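**Student:** Next come a sequence and a model predicted from it.
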Amino acid sequence: MAYTPELSQEHSGALRRIAWALEIPMTKAIEEVLDYVGTIIESKKVCKACRDKSFCKDCLLNHNGKRG
């Protein structure tokens, strides 16, 4: 499993409510949120700041990769 940061009460509560609305577990809801962010974030900015270039082709934030 990858590193999992702790969420504040506020963010955990928001994620829980998103999960309820989508009728999925919180673990799946955070994936849905990140998938959505991947569609709206400026990938060039993310790529420029990235410190792990070994993951580019699989990165959901890389709009020029196989996901984009």
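**Tutor:** Yes, it's here.
**Student:** use CA for all of it now, contacts and neighbours both
**Tutor:** Fine.
**Student:** What segments of the chain are strands?
**Tutor:** Counting by DSSP state E, the chain has no strands to list.
**Student:** Now do the helices for it: every range, in order, please.
**Tutor:** For the chain, applying DSSP state H gives helices covering 9-22, 26-40, 43-49.
**Student:** The longest one vs helix 9-22, what angle?
**Tutor:** So that's helix 26-40. Here the directions of helix 26-40 and helix 9-22 differ by 90 degrees (axes from the mean of the first three to the mean of the last three CA atoms, to 10 degrees).
**Student:** Figure out how far helix 26-40 is from the centre of its chain.
**Tutor:** Taking CA atoms, centre = their mean, to the nearest Å, one finds the center of helix 26-40 at 5 Å from the center of the full chain.
**Student:** try the last one
**Tutor:** Between the centre of helix 43-49 and the centre of its chain there are 15 Å (CA atoms, centre = their mean).
**Student:** so Ile41 touches His63, yeah?
**Tutor:** No. Between Ile41 and His63 there is no contact under CA atoms under 8 Å: 9.4 Å.
**Student:** who's more crowded, those two?
**Tutor:** Neighbour totals were compared for Ile41 and His63, and His63 leads with 19 against 13 (other CA atoms under 10 Å).
**Student:** Could I get the pLDDT score of the more buried one?
**Tutor:** We have a pLDDT of 78 for His63.
**Student:** In space, what's closest to it - neighbours in sequence excluded?
**Tutor:** Closest residue to His63 apart from its sequence neighbours, by CA to CA, 6 or more residues apart in numbering: Ser43 at 6.1 Å.
**Student:** who are the neighbours in contact with that neighbour?
**Tutor:** Listed by CA atoms under 8 Å, 6 or more residues apart in numbering, the contact set of Ser43 reads 61-63.
**Student:** follow-up on the earlier one: figure out which of the helices of the chain is closest to Lys57.
**Tutor:** In terms of CA to CA, the element of the helices of the chain nearest to Lys57 is helix 43-49, at 11.4 Å.
**Student:** Would you mark the buried spots in that closest one?
**Tutor:** 43, 47 (16 or more other CA atoms under 10 Å).
**Student:** Just put the contacts of Ser43 in TSV and tack on distance to Trp20.
**Tutor:** Formatted as TSV, those follow (distance: CA to CA, whole Å):
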residue	distance to Trp20
Leu61	25
Asn62	29
His63	29
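**Student:** Having no further points to raise, I will conclude here.
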